[in-house]
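Enquirer: quick check, what structure comes out for this input:
(one chain, ligands or ions: 2)
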Amino acid sequence: RRDFQIAPSILSADFARLGEEVDDVLASGADIVHFDVMDNHFVPNLTIGPMVCEALRKHGVTAPIDAHLMVKPVDRLIGDFIDAGASYITFHPEASDHIDRSLQLIRDGGCRAGLVFNPATPLSYLDYVMDKVDMILLMSVNPGFGGQSFIPGTLDKLRETRRRIDASGHPIRLEVDGGVKVDNIAEIARAGADTFVAGSAVFKARNEADPHRYDGVIGDF
Ligand code: DX5
Ligand code: ZN
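Expert: Numbers count the residues shown, from 1 in each chain. Ligands and ions are numbered 1, 2, ... in the order given. Here you go, the predicted model:
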């Protein structure tokens, strides 16, 4: 069995009570905080930036923070997220003119680096950088919004990515993001993923009896 990790996407949290909700999902069994950064340019939505990441650290969050940067250009924000306490920093190859340099910037800052693939983005971007990534994130929806449906073709892409990771011999995490639910997570795991982002499936599964507990993807898996 792989070392599976659940990464709730705080895009679906109540931003007015963000610190408490992050504490609650971690106490309920989540492993990583997935932090969606959108710029209304690379994707058609606007969310949160490094100040909010820093605020979560000051609040006392010690779990890994997985900053998923959907911004273009990406390089300047990489430094800001390193300073803000991010653990993983992932970006989309289309958002960087110099992918190798952006990956190196992240690692030089002491963070783990990742590349994110939109549903139609080819895996060939990995060809020359397998030794420079700590995480590969496959989008199973087009990025921009929570609550969309899982695109089934992602399963074949996951199997192909798993083959590439195993052949590389590098300890690269394989994360999937978008439409992950209780009823498809096992199939996604069998296709090779080990790290599961879930936004709506986590935050809509608050326990009726204990409002600080979340079930669903965190509890059942
Ligand atoms: C989409 C974001 C996702 C999103 C996932 O652009 O990158 O992290 O919040 O939300 P669900 O799990 O609701 O599809
Ligand atoms: Zn995301």
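
Enquirer: so the residue in the chain that ligand 2 sits nearest to versus ligand 1, what's the distance?
Expert: Nearest to ligand 2, among the residues of the chain, is His68, at 3.8 Å (C-beta to the ion). Yep, even glycine has a C-beta here, placed from its N, CA and C like the rest. Distance of His68 to ligand 1, given as C-beta to the nearest ligand atom, to the nearest Å: 5 Å.

Enquirer: next structured bit after the strand or helix carrying that residue?
Expert: Using DSSP states H and E, His68 sits in strand 65-70. Next helix or strand after strand 65-70 toward the C-terminus (DSSP H and E): helix 75-83.

Enquirer: just the buried residues of that next one, please?
Expert: 75, 77-78, 80-82 (16 or more other C-beta atoms under 10 Å).

Enquirer: would you turn those into JSON lines with distance to Gly199?
Expert: Output for these, formatted as JSON lines (distance: C-beta to C-beta, whole Å):
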{"residue": "Asp75", "distance to Gly199": "26"}
{"residue": "Leu77", "distance to Gly199": "21"}
{"residue": "Ile78", "distance to Gly199": "23"}
{"residue": "Asp80", "distance to Gly199": "23"}
{"residue": "Phe81", "distance to Gly199": "19"}
{"residue": "Ile82", "distance to Gly199": "24"}
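
Enquirer: would a markdown table of these with distance to ligand 2 be doable?
Expert: A markdown table is the format used below for the buried residues of helix 75-83 (distance: C-beta to the ion, whole Å):
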| residue | distance to ligand 2 |
| --- | --- |
| Asp75 | 19 |
| Leu77 | 15 |
| Ile78 | 16 |
| Asp80 | 18 |
| Phe81 | 14 |
| Ile82 | 19 |
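
Enquirer: which bits of this structure sit near ligand 2?
Expert: With C-beta under 5 Å from the ion as the criterion, the chain comes near ligand 2 at residues 36, 68, 177.

Enquirer: so which elements touch the strand holding His68?
Expert: strand 33-38, helix 50-59, helix 75-83, strand 88-91 (3 or more C-beta pairs under 8 Å, 6 or more residues apart in numbering; DSSP states H and E).

Enquirer: select, out of those, the one closest to ligand 1.
Expert: Shortest distance between ligand 1 and the helices and strands packed on strand 65-70, using C-beta to the nearest ligand atom, is found for strand 33-38: 4.7 Å.

Enquirer: alpha carbons of that closest one, as CSV, please.
Expert: Output in CSV follows, covering the C-alpha atoms of strand 33-38 (Å, rounded to 0.1, in the frame of the first residue of the first chain):
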residue,chain,number,x,y,z
VAL,A,33,-3.4,21.8,3.4
HIS,A,34,-4.0,22.4,-0.3
PHE,A,35,-3.8,26.2,-1.0
ASP,A,36,-5.3,27.4,-4.3
VAL,A,37,-3.9,30.6,-5.6
MET,A,38,-5.8,32.1,-8.6
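
Enquirer: would that strand count as contacting ligand 1?
Expert: Yes - counting by C-beta under 6 Å from any ligand atom, ligand 1 has neighbours in strand 33-38: 34, 36.
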